[in-house]
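Engineer: My questions concern the predicted model and sequence given below.
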Amino acid sequence: MTTRYQAPKGTFDILGAGAAARSELERTAQTILSRAGYERIQTPTFEATELFSRTVGEATDIVQKEMYTFEDGGGRSLTLRPEGTAPVARAYIEHGLHKQPAPVKLWYHENFFRFEAPQAGRYREFSQIGAEAIGSDDPAVDAEVIVLLSELLEAMSVKDVRLRLSSLGTPSTRERYRAQLQSYLEANIDALAPHVRERIALNPLRAFDAGDSATQAVMSGAPRLMDSLTSDERDHFASVREALEATDISYEIDSTLVRGLDYYTLTVFEFTSDALGAQSGVGGGGRYDGLIEQLGGGETPAAGWAAGVERILLASSAAAPASGPVDLYVAYTDVQYRVAAFQLATAVRTAGHSVRMELAGRSLKGQLKQAGKVGSRFVAIFGDEGVSLKDMDSGDQQVVKPEMVMHWISRSQAL
Ligand code: AMP
């Protein structure tokens, strides 16, 4: 018996309406982002492992257990990209993009890989659309990226969207706050879940994400990072809010918002959809002012986001895009006309029309049925008496010269 192969766990094939919906989402993103000056970037599927382990953070779930890491034939440690910001930052440095006027605006639509427990809306290979604006610390950049993601979600009719916003401050503020939070967690250690206790030293902020009620009770009284911000950090956040308030976007401040990646500074945000189940995050991002310097570039403030393609489509109420109309179906009564049929189909298609030709050896009756199924406007039938052109809307049929078929199609389209 031969083995029946299936797509690996946590992956899926994209077919028919699913593929059309994705193309539509990509087109929508392209329109919205290019209107704001974003250019597309594509980076390799794999990168040096260190690019991610150093920037995403050694203590994060992604680096600790989710990366698809392998050694290539040359003994290099490579990793299938788990996220898009570090590769874009690497490319920005590698190509000297700092020479371009700031901010340099880049967007991407790529697939990403994380070894996670699969469930609805969470896969091991998934796609994100992302945008990065690199080279400016202006709070209007933060507001602009947020507005663009909001526009995308609205254009895709994503249901029940909520936006949460917070500020993480700069690394030194975070260091101070971290120490304060660690002492608070130590003082309440008996009430904490074991996995939270284990991470006090490594990643105390993740305690806010704990699901158990005892830890949650402790965390409701925990010191908040927002209360530790310096006056400059507060001013930046106030300016972002002021810009957002000049739009019609509503948001909530959520001082417990922590993102699963280490490189964020100052503004962070997340869009969720109540139409999704447990995996409600549709997209999120924030500022990452230290990332490019950390990778060896100059001091370069930046902000951006990534949104999950599968989750946008799951939470969208938009109808699947219809496939385009078929103008002509070329049929034949006998195989001796196949070449002539092929020639006509090719010529009409080259002239810009949508054409199908009989390719599966059906009877004439089967061919006409098939033409009806694909919704073709005209059918050209090659037979002993020449070419009969049937108008499928009116039912009229007449013998025409092959070169006149194009004329009839164009005429019907001009009406
Ligand atoms: P992140 O890069 O973790 O900030 O994720 C950004 C967005 O990507 C999330 O809001 C989700 O919509 C999506 N996402 C993240 N991980 C997965 C996954 N494993 N499967 C599907 N979508 C994901």
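Structural biologist: Here it is on my side, so go on. Everything quoted here is computed from the prediction, not taken from an experiment.
Engineer: Tell me the residues of the stretch 301-415 of the chain that contact the ligand?
Structural biologist: Those residues of the stretch 301-415 of the chain that sit near the ligand, judged by CB under 6 Å from any ligand atom, are 306-308, 310-311. Every C-beta, even on glycine, is put in place using the N, C-alpha and C of the backbone.
Engineer: Looking at those, which one is closest to the ligand?
Structural biologist: G308 (2.2 Å; CB to the nearest ligand atom).
Engineer: Mind checking which of the residues of the stretch 301-415 of the chain next to the ligand are buried?
Structural biologist: Neighbour counting over these (16 or more other CB atoms under 10 Å) leaves 306-308, 310-311 as the buried ones.
Engineer: So which of the residues you listed sit within helices?
Structural biologist: If you go by DSSP state H, these have 310-311 in helices.
Engineer: Taking the buried ones among the residues of the stretch 301-415 of the chain next to the ligand together, which two end up most distant?
Structural biologist: A306 and E310 (12.6 Å; CB to CB).
Engineer: For A133, report the pLDDT, please.
Structural biologist: A133 carries a pLDDT value of 98.
Engineer: quick one: the helices in the stretch 201-350 of the chain?
Structural biologist: For the stretch 201-350 of the chain, applying DSSP state H, counting those that start in this stretch gives helices covering 213-220, 231-245, 291-294, 309-314, 338-350.
Engineer: near the ligand, which residues of this structure show up?
Structural biologist: Residues of the chain lying near the ligand (CB under 6 Å from any ligand atom): 83, 114, 116, 121-123, 126, 128, 259-260, 281-284, 306-308, 310-311.
Engineer: Go again with 5 Å.
Structural biologist: The chain comes close to the ligand at residues 83, 114, 116, 122-123, 126, 128, 281, 283, 306, 308, 311, as judged by CB under 5 Å from any ligand atom.
Engineer: Where neighbours are concerned, which of the residues you listed has the most?
Structural biologist: For the residues of the chain next to the ligand, counting by other CB atoms under 10 Å, the largest number of neighbours falls to G283: 27 neighbours.
Engineer: Who does it form a beta bridge with?
Structural biologist: As for beta bridges, G283 partners with F271, A307 under DSSP bridges.
Engineer: ok, it to Y332 distance?
Structural biologist: Noted for G283: a distance of 51 Å to Y332, by CB to CB, to the nearest Å.
Engineer: try E299
Structural biologist: E299 is 70 Å from Y332, by CB to CB.
Engineer: Repeat that for F70.
Structural biologist: Per CB to CB, F70 is found 53 Å from Y332.
Engineer: More neighbours: which of the two?
Structural biologist: Of the pair F70 and Y332, Y332 is the one with more neighbours under other CB under 10 Å, namely 22 against 12.
Engineer: what's that one in contact with, if anything?
Structural biologist: 338, 340-341, 358, 364, 367, 381-383 (CB atoms under 8 Å, 6 or more residues apart in numbering).
Engineer: got a winner among those for most neighbours?
Structural biologist: Most neighbours among those, by other CB under 10 Å: I381, with 24 neighbours.
Engineer: Look up which residues are beta-bridged to it.
Structural biologist: Beta bridges link I381 to A331, S388, judged by DSSP bridges.
Engineer: can I assume it is in contact with M392?
Structural biologist: No: under the criterion of CB atoms under 8 Å, I381 is not in contact with M392, lying 11.8 Å apart.
Engineer: Using the three-state scheme, assign I32.
Structural biologist: Following DSSP: H, G, I helix; E, B strand; the rest coil, I32 is assigned to helix.
Engineer: can you pull the contacts of it?
Structural biologist: Counting by CB under 8 Å, 6+ apart, I32 touches 148, 151-152, 155.
Engineer: next one: stretch 200-220 to chain centre, how far?
Structural biologist: The chain centre lies 30 Å from the centre of stretch 200-220; the measure is CA atoms, centre = their mean, to the nearest Å.
Engineer: thinking again about what came up before, with the residues of the chain next to the ligand in mind, which one is nearest to the ligand?
Structural biologist: Nearest to the ligand, judged by CB to the nearest ligand atom, of the residues of the chain next to the ligand is G308 at 2.2 Å.
Engineer: And for G16, the neighbour number?
Structural biologist: Residues lying near G16 (other CB under 10 Å) number 9.
Engineer: so how far is R4 from it?
Structural biologist: Applying CB to CB, the value for G16 to R4 is 21 Å.
Engineer: what's the answer for A155, then?
Structural biologist: Counting by CB to CB, the gap from A155 to R4 is 40 Å.
Engineer: In terms of neighbours, single out the busier of those two.
Structural biologist: A155 (16 against 5).
Engineer: how much space between the closest residue in space to the more buried one that isn't next to it in sequence and the ligand?
Structural biologist: Sequence neighbours aside, T28 is the residue nearest to A155 in space, at 5.0 Å (criterion: CB to CB, 6 or more residues apart in numbering). According to CB to the nearest ligand atom, to the nearest Å, T28 and the ligand sit 16 Å apart.
Engineer: Good, we can wrap up now.
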